[in-house]
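>>> Prediction below, plus the sequence it came from.
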Amino acid sequence: MFGREPQPLMERKQLKIQLSKPNEYWDVIRRSRLLFQQVATANAQHKNSLAKLRFDTNRSDPQYEIGDLVLIKVLDKSSKLEEQFEGPYRITEQKGPATFVVKLEDPEEDDNPNFTKQV
């Protein structure tokens, strides 16, 4: 360009494979495929760990105890204008690591104020 040869950004190395036997190409292909597979697996694991790290930076890990007041997310909304959470409920019992038995704060409103829901 303009009287001189363009310089390549990266020099290309010429890969020369010399095979001593006619059937040796299969071993070279198998080793190359295994190497590519290992690099792809390592790359996927690295990207997965980076994604988890990005997710966990702003993720809060709430810890609830018996007696805490909580709001429960409404899962069966029919309209986007309806409330997203209902409550307040008081935690009365813990069934699992993220499953609690909650009780309405105002039991006069409901016939069955106790139910189990994941908080």
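Perfect, I can see it now. Residues are numbered from 1 along each chain as shown.
>>> Going by C-alpha atoms from here, please, whenever you check contacts or count neighbours.
Will do.
>>> Residue ranges in this structure under the pLDDT threshold?
Scanning the chain for pLDDT under 70 picks out the ranges 1-2, 9-10, 12-15, 17, 19, 106-119.
>>> tell me the domain boundaries of the protein?
Taking automatic domain parsing as the domain assignment, the ranges for the chain are 13-59, 69-118.
>>> Distance to residue 6 for the ones you listed - can I get that in CSV?
Compiled in CSV, the domains of the chain are given as follows (distance: least, Cα to Cα, whole Å):
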stretch, distance to residue 6
domain 13-59, 17
domain 69-118, 60
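>>> deepest of those, which one?
domain 69-118 (a mean of 13; mean count of other Cα atoms under 10 Å).
>>> chain center to that one, what's the gap?
Averaging C-alpha positions (Cα atoms, centre = their mean, to the nearest Å) puts domain 69-118 27 Å from its chain's average.
>>> same question, stretch 22-29
Counting by Cα atoms, centre = their mean, stretch 22-29 comes out at 40 Å from the chain centroid.
>>> Use 327 as the first number from now on
Sure thing, new numbering starts at 327, so read that last one as stretch 348-355.
>>> Keeping just the C-alphas, turn that stretch into PDB.
Taking Å, rounded to 0.1, in the frame of the first residue of the first chain, the C-alpha atoms of stretch 348-355 are listed here in PDB:
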ATOM      1  CA  PRO A 348       0.700 -43.500   6.400                       C
ATOM      2  CA  ASN A 349      -1.600 -44.400   9.300                       C
ATOM      3  CA  GLU A 350       0.000 -41.900  11.700                       C
ATOM      4  CA  TYR A 351      -2.400 -39.100  10.700                       C
ATOM      5  CA  TRP A 352      -5.100 -40.800  12.800                       C
ATOM      6  CA  ASP A 353      -3.000 -40.500  15.900                       C
ATOM      7  CA  VAL A 354      -2.300 -36.800  15.200                       C
ATOM      8  CA  ILE A 355      -6.000 -36.100  14.700                       C
END
